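Colleague: coordinates only, sequence not included:
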């Protein structure tokens with residue numbers, strides 16, 4: 001399995017904490033036999049730390065964040081989509097934020113253009129879940145599908161949850177806009193959608209795994225070639241600091257915090273045991289790295305790309 005990192009200049013400027021997205025993109029990729037797995041930038045989010053940390057013990061939390069040079073006040077996690085080039089198939093995992101979520105995100109189309117890939121060349125689009133930074137990029141400024149020729153895939157449980165008219169009333173006020181936005185976009189692309197389930201090989205060499213908690217139907221995807229594999233983790237492991245150091249702690253980003261922690265612990269154990277590469281949606285260095293045990297917890301080790 002060959003790993004490389006290349007810098008692609010697709011414009012000018014640098015990513016600020018807030019404001020216009022950067023188009024100076026770092027590309028990380030892994031070869032799996034004849035296939036290539038590529039990290040595709042969709043910019044970054046800018047989020048209040050309280051969204052994640054308010055319920056956590058502050059002294060040990062601050063010690064963990066200090067080790068990573070982070071503040072508990074504000075986070076700017078990257079957004080890493082996954083692209084799989086496999087013969088005549090070009091498979092994208094998640095669609096990014098699009099133009100309507102926040103100004104620091106939504107650079108997917110520029111990233112694809114830097115790879116000389118147009119939206120109509122994407123043959124399959126697979127969703128880990130339907131949060132805004134993973135789904136809203138499916139429609140453009142005019143509410144037309146960005147990938148009109150692609151076959152779309154989503155977990156049946158995830159689809160059922162976000163298309164249930166009662167979800168907006170039960171999800172909580174802070175996430176109500178997520179429910180409204182997801183329902184509108186999923187309705188617009190319903191005719192392109194295929195429903196999948198955990199344990200299913202959705203495409204040759206691509207196995208779906210149920211990884212619920214962050215959302216009710218969250219899925220991760222194992223891309224395998226013989227003994228080598230990459231796990232497209234979505235938001236099941238949502239950051240490179242607290243999620244690794246204290247995976248048992250509840251994360252305010254998860255809709256079901258207890259189930260999210262259970263899923264996170266299971267995945268970290270599997271990734272460390274199998275020495276499997278992880279491509280995490282909100283992890284640094286393009287999201288590519290391995291999981292290493294560290295005492296009673298874990299560490300994210302970015303590949304030396």
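Modeller: Thanks, I have the structure now. The structure displayed is predicted, hence computed values, not measured ones.

Colleague: return the residues in contact with the residue lying closest to residue 218 once chain neighbours are set aside.
Modeller: Distances taken as Cβ to Cβ, 6 or more residues apart in numbering put residue 129 closest to residue 218, at 4.4 Å, once the chain neighbours are dropped. Placement of C-beta: from N, CA and C, glycine included. When contacts are counted by Cβ atoms under 8 Å, 6 or more residues apart in numbering, residue 129 touches 135, 155, 158, 214-215, 217-219, 234-235.

Colleague: closest one of these to residue 112?
Modeller: Residue 112 lies nearest to residue 135 out of these, by Cβ to Cβ, at 16.8 Å.

Colleague: in the stretch 151-300 of the chain, which spans are helices?
Modeller: Secondary structure of the stretch 151-300 of the chain (DSSP state H, counting those that start in this stretch): helices located at 156-163, 167-170, 176-188, 242-245, 257-274.

Colleague: and the residue nearest to residue 218, what pLDDT?
Modeller: The predicted local confidence for residue 129 comes out at a pLDDT of 98.

Colleague: what of residue 139?
Modeller: According to the predicted model, the pLDDT of residue 139 comes to 97.

Colleague: give me the neighbour count for it.
Modeller: Number of residues near residue 139 (other Cβ atoms under 10 Å) recorded here: 21.

Colleague: how close does it get to residue 54?
Modeller: With the distance defined as Cβ to Cβ, to the nearest Å, residue 139 ends up 33 Å from residue 54.

Colleague: before we move on, what about residue 79?
Modeller: Taking Cβ to Cβ as the measure, residue 79 and residue 54 are separated by 23 Å.

Colleague: the closest residue to residue 75 other than its chain neighbours: neighbour count?
Modeller: Taking Cβ to Cβ, 6+ apart as the measure, residue 75 lies nearest to residue 47, with 5.1 Å between them; neighbours along the chain are not counted. The number of residues packed near residue 47 is 15, by other Cβ under 10 Å.
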